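>>> pasting the sequence and the predicted coordinates here, then a few questions.
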Amino acid sequence: MEFLKAFIVNKVGGTNISDTFYVYAGPRDNGYLDIFNKESLNSFGLSNVEFGMSVERSLLYFIQVPMQLIMQIFYDVIPNWGLSIMFLTIVVRILIFPLTFKSFRATAELSKLQPKMKEIQVKFKNDPKKLNEEMGKLYREEGVNPLGGCFPILLQLPVFFALYGLVNNFFLLRGASFIPGWIDDLSIGDSIYYFGYKVFVWTDIRILPFIMMITQLLSTIISSNISFKNLGSQQKFLYFGMPIMFFFILYDMPSGLLIYWITTNIFTILQQYYIKMNVSERRNR
């Protein structure tokens, strides 16, 4: 990691004109770059040059900074970046737990309406327009949001995109192993077998995307008390189609992102069991 000094000489009208360029060869990290703002630490006697400002920052930079800090704290305790991502995920899930609890309650309220929903579906099965109108009327009267159960999935998307940018820019994750022999680099996929040619749209087999899809489906099933046959087509897609859609979207993503998503799913399943037990105890009182 250093600054390289380069000289370029051009001849203009018989006169030699020279320019000096300094090239930084090192990690793209604000912490490292800011060190060189001090005149005594950079090799060319300049101060207040703000090298860190040259690093491209995303719109979610304000989320990435605390995320990186939390990961670094956990890494200092247990030097494994994969575990740091998992601990970060748990912190995020704890912070949004109040919203998750409200979402679960909305789903539980919707499940209570199944008998009425079934009656409307039978009564207006030949009139889709009237069916939708009556369903909407029922939701309004009962104060229920039919898509409330999908809120936790949508809520974690900004965090996911912030982590995506962090994985791409945080150089310490490059080459960082989580499980040797399987996940040897958190900044790339967990390829276990290369085909050498394309099969459908993939060139290799990866395990984490399948684990992600299965845990997402389990999380969706456990969180929903609603019968699948009573769901509308839009709700069916949101509840069961999204995990499959995310499987294809995330298949080629870095292992670090999938570890975050899988940990989120597992922690969500545990949360849902806790919430169900809590709600059940309140009903029995």
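That came through fine. Everything numeric here is computed off the predicted structure, so don't read it as measured data. Residues are numbered from 1 along each chain as shown.

>>> show me where the stretch 51-200 of the chain has helices.
61-77, 81-95, 97-112, 114-123, 128-142, 151-155, 157-169 (DSSP state H, counting those that start in this stretch).

>>> lowest-confidence stretch among those?
Sorting these by mean pLDDT places helix 151-155 lowest, at a mean of 66.

>>> now distance to Asp204 too, for the helices of the stretch 51-200 of the chain, in a markdown table please.
Every residue, glycine included, has its C-beta placed from N, CA and C. Shown next, in a markdown table, are the helices of the stretch 51-200 of the chain (distance: least, Cβ to Cβ, whole Å):
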| stretch | distance to Asp204 |
| --- | --- |
| helix 61-77 | 27 |
| helix 81-95 | 20 |
| helix 97-112 | 34 |
| helix 114-123 | 43 |
| helix 128-142 | 44 |
| helix 151-155 | 27 |
| helix 157-169 | 19 |
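
>>> of all the ones you listed, which one is nearest Asp190?
Set against Asp190 and scored by Cβ to Cβ, the helices of the stretch 51-200 of the chain come closest in helix 81-95, at 10.7 Å.

>>> just checking, what packs against that closest one?
Contact here means 3 or more Cβ pairs under 8 Å, 6 or more residues apart in numbering; DSSP states H and E; on that basis helix 81-95 packs against helix 61-77, helix 255-284.

>>> pick the most buried one from those helices.
Highest mean neighbour count among the helices and strands packed on helix 81-95 (mean count of other Cβ atoms under 10 Å): helix 255-284, with a mean of 18.

>>> how is the protein carved up into domains?
2-54, 61-111+148-284 (automatic domain parsing).

>>> returning to what we had before: so which of the helices and strands packed on helix 81-95 comes closest to Tyr193?
Smallest distance to Tyr193 across the helices and strands packed on helix 81-95 (Cβ to Cβ): 15.4 Å, for helix 255-284.

>>> against Phe161, how distant is Phe97?
21 Å (Cβ to Cβ, to the nearest Å).

>>> and if you look at Lys123?
Relative to Phe161, and taking Cβ to Cβ, Lys123 is found at 44 Å.

>>> also Val199?
The gap separating Val199 from Phe161 is 28 Å, by Cβ to Cβ.

>>> more neighbours, the two?
Phe161 (16 against 10; other Cβ atoms under 10 Å).

>>> how many neighbouring residues does the residue nearest to that one when sequence neighbours are not counted have?
Excluding the flanking residues, the one nearest Phe161 by Cβ to Cβ, 6 or more residues apart in numbering is Leu60, at 5.9 Å. The tally of other residues near Leu60 (other Cβ under 10 Å) stands at 18.

>>> phi, psi of Leu60?
Taking degrees, to the nearest 10, you get phi -100, psi 20 for the backbone angles of Leu60.

>>> what sits against it?
Leu60 sits next to 158, 161-162, 165 when contact means Cβ atoms under 8 Å, 6 or more residues apart in numbering.

>>> so Asp204: helix, strand or coil?
strand (DSSP: H, G, I helix; E, B strand; the rest coil).

>>> any idea what the residue nearest to it when sequence neighbours are not counted is bridged to?
Excluding the flanking residues, the one nearest Asp204 by Cβ to Cβ, 6+ apart is Ser191, at 4.1 Å. Beta-bridge partners recorded for Ser191 (DSSP bridges): Arg206.
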